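1. what shape does this take:
(4 chains)
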2 protein chains.
Amino acid sequence: MEQYSIKDIAKLSGVSTATVSRVINHKGKYSEQTKEKVLKIIQQTGYNIDVSAQSLRTNVTHTIGILVPDIKNPFFADLVQKIENHLFNKNYSTFICDTNKKQEKEKAYLQMLEKKKVDGVIVISGSGKRGFKFESSIKKIPYICIDREPQNFNDTIFISSNHYQGAYDATTYLINKNANHLLIISDRISTSSESRLAGFKDALKQNGLKYSKANNYLLLKKDIDFDSFISKHPETNGIFAINDNLAIRVLNRAKFLNIDIPNQIQIIGFDDIPAASLVNPSLTTIAQNTKRIAKNTVDSILSSIEGQGDKGSKLLIPVKMVIRQSTK
Amino acid sequence: MEQYSIKDIAKLSGVSTATVSRVINHKGKYSEQTKEKVLKIIQQTGYNIDVSAQSLRTNVTHTIGILVPDIKNPFFADLVQKIENHLFNKNYSTFICDTNKKQEKEKAYLQMLEKKKVDGVIVISGSGKRGFKFESSIKKIPYICIDREPQNFNDTIFISSNHYQGAYDATTYLINKNANHLLIISDRISTSSESRLAGFKDALKQNGLKYSKANNYLLLKKDIDFDSFISKHPETNGIFAINDNLAIRVLNRAKFLNIDIPNQIQIIGFDDIPAASLVNPSLTTIAQNTKRIAKNTVDSILSSIEGQGDKGSKLLIPVKMVIRQSTK
DNA sequence: CCTTTTTAGGTAATCGATTACATTTATTTA
DNA sequence: TAAATAAATGTAATCGATTACCTAAAAAGG
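-> Below you'll find the model as predicted:
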C-alpha cells in the first residue's frame, strides 16, 4: 500500500480510528496496552498523519507566516534564521514572504497566508514611513509586529530593539571621545530611523550641544552629497550613520577624500552587519540582540495563538555597542 | 456568518456545489449565465476556498519547500529571494528550511515537508563533502538540486553555476596579468569547491604552470595560516580564493602584513557578495547569475511537478568576472 | 417528428482525521 | 453482591472541496 491512513492503522491494530487518534494526540483515555499496540503499528507502517485532513477538521495548521521586507538585508536574514529555527523546534513550519518593501505585496501575501490558514503571522513591515497597518478583514489571525512599529498600535504586540537607546549611546560615546561637531546620516525615513534620530538629538541636548537640521543632519542619496556637506562643514568630527551600509559608504567616501578615520572624523553605524568587521578601518557600530528578539517573537506569537496574547504590549530590547577602529 | 463554504455559495447562487466547483476551477461544462451568477456571489461574500479541504481531496498544496544551508550567506539569500519571488508569482508558497549545514536537520526538514505534502522540494544541500543524498523513502516528491551536486545524481535534476569555468577564467586572468606564482585558498571541501579547484588546476596546466599541493594550495583555518604560507612562499603573486569571505579575510591579512594589493599580490574571490565592493581595495570576483539560476530552478521544479521533469539533466550556468581593484 | 448526441447541472461518495456521544468493561463503594 | 462510578473503546457525524456517475434538457440529425 502506498500511503497509510488512520483507518489502516485502526484495522491493523484492532481498534477504532477514535482510539488511534487518541493515542496520537495524547488525548482522552486509553490503556497502556493499546497505546503500545498502536504505536508499534505506526512504527511498522511508517504512518504519517495527513495534515490536510487534520487541519480541515481542527483549523490548525502548525504554520506561521513571516513578512520580511528584504531577506538579503543581513539583519533580517539573521532574525528570520533565528525565528525559523525556534519555530522549527516547536514543530512549526515557516512561510517566508519577501515583500520587497512594497505595500501591495504585503497585502497580497497576507491574503495568501489567510487562505493557507496559517496559525499566526509575524510582520516585519518595510513599506512606507508610517508603519504597517493591518487590514481589518485579516485581523482575526494572531499576529505580532517586530522591528517597525505598526500604525494601529493599540491592539498589537510590538517587539523591537531600543533604537532610541542605541542612538543615544552611540552619540554620547562620540561626545565622550571629544567629537563635538556631530552629524547624523540617514537614507530614508522609517519608524525605526525616527527613534534613532530622536536618540541622537537627545544626546546632543543632554551634553549641551545644539541640533539643527542644516548643521547636523544629512539625507544621503548619492555619495557626493557627503562631499558637499563636508566642504560646507569641515569642522565635522563625529558621524552617526543610521545603518551600517550607510556608514560604510561614508567610510569609503571619507577615505577617498583623504579624511583620516578615526583621527579626523569618527564614525559609528547601526546593525553590526558582517561587512562592518571586514572594512578597513573596521566599523564601530550598534549591534541588535537578534537572539533575544527572535526568542521573544516566537514566544509571543505562540502565546497569542493560544489566546494568551498580550495585545497592546510593547517590548524594547537593549542594544549593545561594538567598538572597533572607526572610533577612538 | 463567519466563513463561507462552497455549500453556502451553492445555496446563495441556486446551484449545486459541483457547479460552483466547476466554475471556480474552470473545469467541465457550465453556461456563461451560471458562471456570472456564481462569480457574483463569490465576490459579494468574499468567499475563500478552503485549501485544507482542497488538498485533502486533490493531494495538491501549491507549496514548495526549499532547503537552504544558511540564509545569512548573501549568495543563498539572494537566490532564495529570487526563487521565492518567482514562485509567489506562480501562486506557490515557499516553506523556508534553514538546515544550518547539518545533515540531520536536512532529514528532519524533509520529513516535515513530506508530512505537509509539499508539491516539490528545492534542495541546496550544505551538508558533508559528498553532496546531498535523498532518502529513498522520500523520493516520491519531485525535487531538484541546485548549487551542490547530489550523490545519486542520475535520477535528479541538477542546476548550478559553472564553478569550473569561473575558476578557470579567474586563474587565466591572473596569469594574463603576469601572476605566475599562484595560490588557491579554500576553507572546506564541498562539491562546488572541488569544481573550482579543478578549474584552477586546468588553467595552470593550460598555461604551462605546475600545480602541487605544497606550493599552490592552502586550506585556511586561522588567519595566521596565511602568514606562514607567505613566509614559506614569498614569491606568491596571485591568489584565487574559493569564496569572497575567504578572499576578504586574506585581503585584510595581507594589508596587515604590509603586502601591496594588487601590486605585490593580486586576489580574486568568488560569489560577489555585497562586502566585495565595500572593502578596500575592492575585490575582483566571480559573480554567479542568480537570476538565471532562480528562473531555471522554478521552471524546472514546476515542470517536474507536472510530470514533465527531465530527470538526470544537468544545467551549468555561466558566471561572470567582476573586475575591481584587487587585480591589475 | 422521433432518435441520437451534446450540454448543463445535480447527487452523493470520497479524501482522512477529530470528537460528541454511546456503549461496554472494569473498578470502587456501600 | 448490587449499585455507582470510572475507564476504555466504539459509532458515526463532521470539516469543505472534488468528481464519477446520473439525469434532464437542448441541439442536431435523419
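2. quick one: average pLDDT of stretch A:52-61?
-> Mean pLDDT, stretch A:52-61: 96.
3. before we move on, what about stretch A:288-305?
-> Averaged across stretch A:288-305, the pLDDT comes to 96.
4. is it in proximity to chain B?
-> No: applying CB under 8 Å from any CB of the partner chain, one finds stretch A:288-305 separated from chain B by no less than 10.4 Å. Quick note: C-beta positions are derived from backbone N, CA and C, even for glycine.
5. before we move on, what about stretch A:258-277?
-> Yes: Stretch A:258-277 reaches chain B (CB under 8 Å from any CB) through A:Pro274, A:Ala275.
6. gap between that stretch and the chain center?
-> When distances are taken as CA atoms, centre = their mean, to the nearest Å, stretch A:258-277 is centred 24 Å away from the chain's centroid.
7. quick check: bridge partners of A:Gly65?
-> A:Phe95, A:Val121 (DSSP bridges).
8. show me which residues of the stretch 101-250 of chain A are close to chain B?
-> Counting by CB under 8 Å from any CB, the residues of the stretch 101-250 of chain A lying close to chain B are A:Ala108, A:Tyr109, A:Met112, A:Glu114, A:Lys115, A:Lys116, A:Lys117, A:Ser137, A:Ile248.
9. can you name the residues of chain A that neighbour DNA strand C?
-> By CB under 7 Å from any atom of the strand, the residues of chain A that approach DNA strand C are A:3, A:5-7, A:17-18, A:21-22, A:24-25, A:27, A:47-50, A:53-54, A:56-58.
10. same thing but 10 Å
-> With CB under 10 Å from any atom of the strand as the criterion, chain A meets DNA strand C at residues A:1-10, A:16-25, A:27-29, A:31, A:47-60.
11. of those residues, list those near DNA strand D.
-> Among the residues of chain A next to DNA strand C, DNA strand D is touched by A:6-7, A:10, A:16-23, A:27-29, A:31, A:52-59 when using CB under 10 Å from any atom of the strand.
12. out of the residues of chain A next to DNA strand C, who's near chain B?
-> For chain B, the contacts drawn from the residues of chain A next to DNA strand C by CB under 8 Å from any CB are A:Asn48, A:Ile49, A:Asp50, A:Val51, A:Ser52, A:Ala53, A:Ser55, A:Leu56.
13. list the contacts for the residue in the stretch 201-328 of chain A that DNA strand D sits nearest to?
-> For the stretch 201-328 of chain A, the residue closest to DNA strand D is A:Ile305, as judged by CB to the nearest atom of the strand, at 19.4 Å. A:Ile305 makes contact with A:Asp119, A:Gly120, A:Pro142, according to CB atoms under 8 Å, 6 or more residues apart in numbering or on different chains.
14. quick check: buried residues in the helix or strand encompassing A:Val20?
-> Assessed by DSSP states H and E, A:Val20 sits inside helix A:17-25. For helix A:17-25, burial by neighbour count (16 or more other CB atoms under 10 Å in any protein chain shown) applies to A:Thr19, A:Val20, A:Ser21, A:Arg22, A:Val23, A:Ile24.
15. looking at chain A, which residue lies furthest from center?
-> In chain A, counting by CA atoms, centre = their mean, A:Gly14 sits farthest out from the average C-alpha position, at 49.7 Å.
16. ok, that residue touching A:Lys37?
-> Yes: contact criterion CB atoms under 8 Å: A:Gly14 and A:Lys37 qualify, at 7.3 Å.
17. pretty sure A:Ser13 contacts A:Ile41?
-> Yes: with contact defined as CB under 8 Å, A:Ser13 counts as touching A:Ile41 (4.4 Å).
18. ok, the helix or strand A:Ile184 falls within: who's next to it in the sheet?
-> Assigned by DSSP H and E, A:Ile184 belongs to strand A:182-186. Strand pairing for strand A:182-186, using DSSP bridges, gives strand A:217-219 (parallel), strand A:238-241 (parallel).
19. helix or strand next in line after that strand, which one?
-> Remark: after strand A:182-186, the chain's next helix or strand is helix A:191-206, criterion DSSP H and E.
20. so what does that following helix touch, helix or strand wise?
-> In terms of contacts (3 or more CB pairs under 8 Å, 6 or more residues apart in numbering or on different chains; DSSP states H and E), helix A:191-206 is packed against helix A:163-176, strand A:182-186.
21. tell me the mean pLDDT over it?
-> The pLDDT scores in helix A:191-206 average 91.
22. give the buried residues for the next helix or strand after it.
-> Using DSSP H and E, the next helix or strand after helix A:191-206 towards the C-terminus is helix A:213-216. By neighbour count on 16+ other CB under 10 Å, the buried set for helix A:213-216 is A:Asn215, A:Asn216.
23. what sits up against helix A:213-216?
-> Helix A:213-216 is touched from outside by A:His181, A:Leu182, A:Leu183, A:Ile184, A:Leu204, A:His233, with contacts defined as CB under 8 Å, 6+ apart.
24. many thanks, have a good one.
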